[in-house]
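J.: Mind folding the following:
(2 chains)
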Amino acid sequence: MTWHGSTAVIGRYLHGDATATEALSLEAHLPECERCREALAHRSDRSRLDATWTAIEHRLHPAPAGEAVTMSETAEREMEPQPAGPEPPEPQRLVPRRERPRRPLLVAAAAFAVTILVGGIAALIALNIGEDEVPPANQTSTTAATTTLPTTTAAPTTAAVPSTVAPPTSVEPSTTAAAAPPVQTAVTWERVPDQAGLERSYLMTVTAFDGRLFAGGYVLDDACGATDYFEDWCSDAMVWVSDDGSAWQRVDAAEGVFGVPVRREEIDTLLDGPDGLLAIGLDSSTGLGGTTVVWASPDGGQWRRVAEIEDFGLGAVVPGGPGFVAAVEDPAAGAGIATSADGSTWTRVDPAPFASLSPGFTTSVFDLAATGTGFVAVGVDPVGDHLSGVDTQTRCAAVWYSEDGAAWQRVDAPRICEEEEGLYSVSATPDGAVVASGSYFVWSSTDPADPDSWEPIAEADAASACAPVAWAGDVGVAIDCAEFIAVSDDGGAAWLGVDLTRPPFDDGNLTVTAVAASGDRFVAVGGRGVMFPGTYGITGGGVGAVWIGAVER
Amino acid sequence: MHGKVDDTDLLTAVGAGSEDALRALYDRHAPWLMARLQHRSEDPGVVDEAVQDTFLAVWKQAAGYDPARGSVGAWMWGIAIRRLIDQVRRRSSAATYGPPALHAVETADSAEDEALALDMGSVGEALDRLSPELQQVLRATVLDGLTTRETADLLDIPVGTVKTRLMRARHQLREAVS
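T.: Just a heads-up that it's a prediction; the model follows:
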């Protein structure tokens, strides 16, 4: 039988009273079921929907300078529809914002805009392109015999903004980032052709080592016979090697090193360490918490399993100090750092500096960087009432510093806390500075142990949560930039982004997971894996993908 | 001849610059997108701006839609959930993400509700018994199609914790049907 959400289920869903079964079932069903969408629409808040549409119209037709009311500004880049076709993506400048209203002010500004524009919407609504109606006969027809499509019409809303509208006031944040000169460097990406070695695979990390490139990830293990997340699928951790970045093959490891039967293993970190390559991953089939697995190789060819860690997880890991320094993921005991000489044994350092400054809360360490003279860890302390008088719901960036990777100190950076920041990633630039990115700003410091040294160098905007993760000379490439892969040639102050939703990246709903520098170019890896399904369900997991980025100055 | 305009054809018209087609798509899809986003953020300001961003992205990216890769609704949801992530990140407040509590109900209101309960059986019961934290991760990764890293950013928890919670959820569901 065909299931549809009943009126009662839809009603409970809209009011937040649905059971998990009902909610998840309805949510999986709605995108494909017009009948249920209509039933839900009839019970929706029409005035709220109309107000939101009015705001969309305003953003499609922004008022002239001096009259604009600041709206969300999210994704307000190049609103012209893009032509179809396989042409390479156009680099898009990620423009730092000059003003960033706080939430209540932003909402108020939006409401203000809605109010003044409400009259303008009437003209467009009057066109009445309804769901069950065809447009007027004078509009363009498509090739479908029974379908008539509306055409572009003159925008009636621009005149709806009165010339007397004043820009919002009192929305200046306490911190601003100076405008940086535009990026002068471009990185042109091409996808490496599909090849046998990457079939049924998902690549999660890449690094250069000993003149070659190595990638880590997993290969779907057909022995388990399942490709659905809820079935008993399994995977083998895997390392790939390439001489040129274009041709990849799986390393020929001894039996049982990567392909442990009926397990679900993956490698998500590859490191160039003092004794060779280190691979770190997870076996998620061994129990409730999974098991962190570490592999080591002196040459990238001969691999052995050197550790299985049950007590805590390893997050970001960098080489240096005693050998390796890792962020500890331990929801029970809290965040911290662990070190290891060779990857086989890991020891947690003194956790005291990683305790939240407010009792009853725990911090998170999201990323680590080795600067050459020390180590920087960044994350979040969820409660910030100890600094700047912010309320107890405000998160503060947490910064830690260590000279040797073993003895750490908390660096309270009040300026960051004032901006209600969390820091998600950090890297060391070629000139010795540290760049960290958060929700609002990209921060830089030349002396990360000094709280006053942290300065905002760019507003996050579309590069939100961006930080350079790979450097080829003075050119940095960052991923995880919303839907961009971004390039900076000035230490992170200005960014040039390439849209990941367009070719060559958006080829079958692929994900870019990691990037590494190789000489004067970059290699990015990713694909589509079972753990990373498409929008719905598991469809065709196991597509390994590699992209080569050429630097053009 | 009168007939309903197909979503795909509307997208084609949007790609050609038709705001009317965009409005038609908005009328069809904004209500459920807004409702579904509201289950992931209790802040209506966050949701409304994510909906705005979604349709602006549709306006910009309509030509990039490929019917072979799923329905228009699924495609739009993929955009919407990531716009919500953008909003949550930008506001630096994981507290704005969090579906409302899911409640157990004792009675079925209709034959279809009964069918749903029967179809889901013990899996449905197990799903309802999952802790909110596990439901949250399950929803984000499996239903919303977010990567582990996106989920970690959204929920403000480490990547390893996302994986751990996924495993716990999966084990509980498996135990329920074994």
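
J.: Residue B:33 contacts residue B:80, correct?
T.: Yes. Under the contact definition of C-beta atoms under 8 Å, residue B:33 touches residue B:80, with a separation of 4.9 Å. C-beta: built from backbone N, CA, C; applies to glycine.

J.: Common neighbours of the two, please.
T.: B:51, B:54 (C-beta atoms under 8 Å, 6 or more residues apart in numbering or on different chains).

J.: which stretches of chain B form helices?
T.: Along chain B, counting by DSSP state H, helices occupy B:7-15, B:19-38, B:44-61, B:72-91, B:111-129, B:132-138, B:148-155, B:159-177.

J.: Dump the shortest one to CSV, keeping only the CA atoms.
T.: By that I understand helix B:132-138. C-alpha atoms of helix B:132-138 as CSV (Å, rounded to 0.1, in the frame of the first residue of the first chain):
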residue,chain,number,x,y,z
PRO,B,132,17.3,12.9,21.4
GLU,B,133,21.0,13.0,20.8
LEU,B,134,21.0,9.8,18.8
GLN,B,135,17.8,10.8,16.9
GLN,B,136,19.5,14.1,16.1
VAL,B,137,22.6,12.5,14.6
LEU,B,138,20.6,9.9,12.8
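
J.: so residue A:308 makes contact with residue A:281?
T.: No. With contacts counted by C-beta under 8 Å, residue A:308 stays clear of residue A:281, the gap being 10.6 Å.

J.: Next, show the common contact partners of the two.
T.: Shared contacts of residue A:308 and residue A:281, counting by C-beta under 8 Å, 6+ apart, come down to A:292-294.

J.: need those in a markdown table with pLDDT and distance to chain B, can you?
T.: Shown next, in a markdown table, are the shared contacts of residue A:308 and residue A:281 (pLDDT from 0 to 100; distance: C-beta to the nearest C-beta, whole Å):
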| residue | pLDDT | distance to chain B |
| --- | --- | --- |
| A:292 | 88 | 8 |
| A:293 | 92 | 12 |
| A:294 | 95 | 14 |
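
J.: what is the mean pLDDT for stretch A:22-41?
T.: For stretch A:22-41, the mean pLDDT works out to 84.

J.: is any part of that stretch close to chain B?
T.: Yes. Stretch A:22-41 lies within reach of chain B by C-beta under 8 Å from any C-beta of the partner chain, at A:22-25, A:27-28, A:30-32, A:34, A:36-37, A:40-41.

J.: Can you pick out the ones from these that are in helices?
T.: A:22-25, A:27-28, A:34, A:36-37, A:40-41.

J.: what's the weakest-modelled helix or strand in chain B?
T.: Least confident helix or strand of chain B, by mean pLDDT, DSSP states H and E, is helix B:111-129 with a mean of 55.

J.: before we move on, the earlier item: lowest average confidence across the helices of chain B, which one?
T.: helix B:111-129 (a mean of 55).

J.: quick one on the thing from earlier: tabulate the helices of chain B (CSV), appending mean neighbour count and distance to chain A.
T.: Output for the helices of chain B, formatted as CSV (neighbours: other C-beta atoms under 10 Å in any protein chain shown; distance: least, C-beta to the nearest C-beta, whole Å):
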stretch, mean neighbour count, distance to chain A
helix B:7-15, 23, 4
helix B:19-38, 24, 4
helix B:44-61, 24, 4
helix B:72-91, 24, 3
helix B:111-129, 16, 4
helix B:132-138, 21, 6
helix B:148-155, 23, 6
helix B:159-177, 20, 3
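
J.: can you tell which of those is closest to residue A:215?
T.: Nearest to residue A:215, of all these, is helix B:148-155, at 16.9 Å by C-beta to C-beta.

J.: With neighbour numbers in mind, choose between residue A:308 and residue A:281.
T.: Set residue A:308 next to residue A:281 and count neighbours by other C-beta atoms under 10 Å in any protein chain shown: residue A:281 wins out with 26 against 11.

J.: now residue A:325: how far from residue A:412?
T.: Counting by C-beta to C-beta, to the nearest Å, the gap from residue A:325 to residue A:412 is 21 Å.

J.: what ranges of the stretch 1-150 of chain A fall below the confidence cut-off?
T.: Where the stretch 1-150 of chain A drops to pLDDT under 70, the residues are A:1-2, A:62-150.

J.: one more time with 90
T.: Within the stretch 1-150 of chain A, the stretches with pLDDT under 90 are A:1-36, A:38-47, A:57-150.

J.: and residue A:399, what does it touch?
T.: A:376-378, A:410-413, A:416, A:423, A:436, A:448, A:451, A:454.

J.: Check residue A:520 too.
T.: By C-beta under 8 Å, 6+ apart, the contact list for residue A:520 reads A:472-473, A:551.

J.: do residue A:416 as well
T.: By C-beta under 8 Å, 6+ apart, the residues touching residue A:416 are A:396-397, A:399, A:423, A:438, A:441, A:443, A:454.

J.: tell me the phi and psi of it?
T.: When read as degrees, to the nearest 10, the backbone of residue A:416 gives phi -70, psi -40.

J.: that older thread, by neighbour count, which of the shared contacts of residue A:308 and residue A:281 wins?
T.: residue A:294 (26 neighbours).

J.: Identify the residue spatially nearest to it, adjacent ones excluded.
T.: Excluding its sequence neighbours, the residue lying closest to residue A:294 (C-beta to C-beta, 6 or more residues apart in numbering or on different chains) is residue A:307, at 3.9 Å.

J.: mind listing what the one you found touches?
T.: A:292-294, A:343-346.

J.: of all those residues, which comes closest to residue B:43?
T.: Of all those, residue B:43 sits closest to residue A:292, with 35.2 Å by C-beta to C-beta.

J.: Check the spatially closest residue to residue A:450 that is not a sequence neighbour and give its pLDDT.
T.: Leaving aside its chain neighbours, residue A:450 sits nearest to residue A:411 (7.7 Å; criterion: C-beta to C-beta, 6+ apart). Per-residue pLDDT puts residue A:411 at 92.

J.: What of the one 3 residues further on?
T.: Turning to residue A:414, the model gives it a pLDDT of 73.

J.: again with residue B:67
T.: pLDDT at residue B:67 comes out at 79.

J.: Excluding residues flanking it in the chain, which one is nearest it?
T.: residue B:8 (5.5 Å).

J.: what residues are up against the one you found?
T.: B:65, B:67, B:72.

J.: Quick one: the helices in chain A, in order.
T.: With DSSP H as the criterion, chain A has helices at A:7-14, A:20-29, A:34-42, A:46-60, A:103-127, A:414-418.

J.: tell me what the third one is packed against?
T.: Other helices and strands packing on helix A:34-42, by 3 or more C-beta pairs under 8 Å, 6 or more residues apart in numbering or on different chains; DSSP states H and E, are helix A:7-14, helix B:19-38.

J.: again, 10 Å this time
T.: helix A:7-14, helix A:20-29, helix B:19-38 (3 or more C-beta pairs under 10 Å, 6 or more residues apart in numbering or on different chains; DSSP states H and E).

J.: just to revisit the earlier point, export the contacts of residue A:416 as JSON lines, with columns for pLDDT.
T.: JSON lines is the format used below for those (pLDDT from 0 to 100):
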{"residue": "A:396", "pLDDT": "74"}
{"residue": "A:397", "pLDDT": "81"}
{"residue": "A:399", "pLDDT": "93"}
{"residue": "A:423", "pLDDT": "80"}
{"residue": "A:438", "pLDDT": "73"}
{"residue": "A:441", "pLDDT": "75"}
{"residue": "A:443", "pLDDT": "85"}
{"residue": "A:454", "pLDDT": "90"}
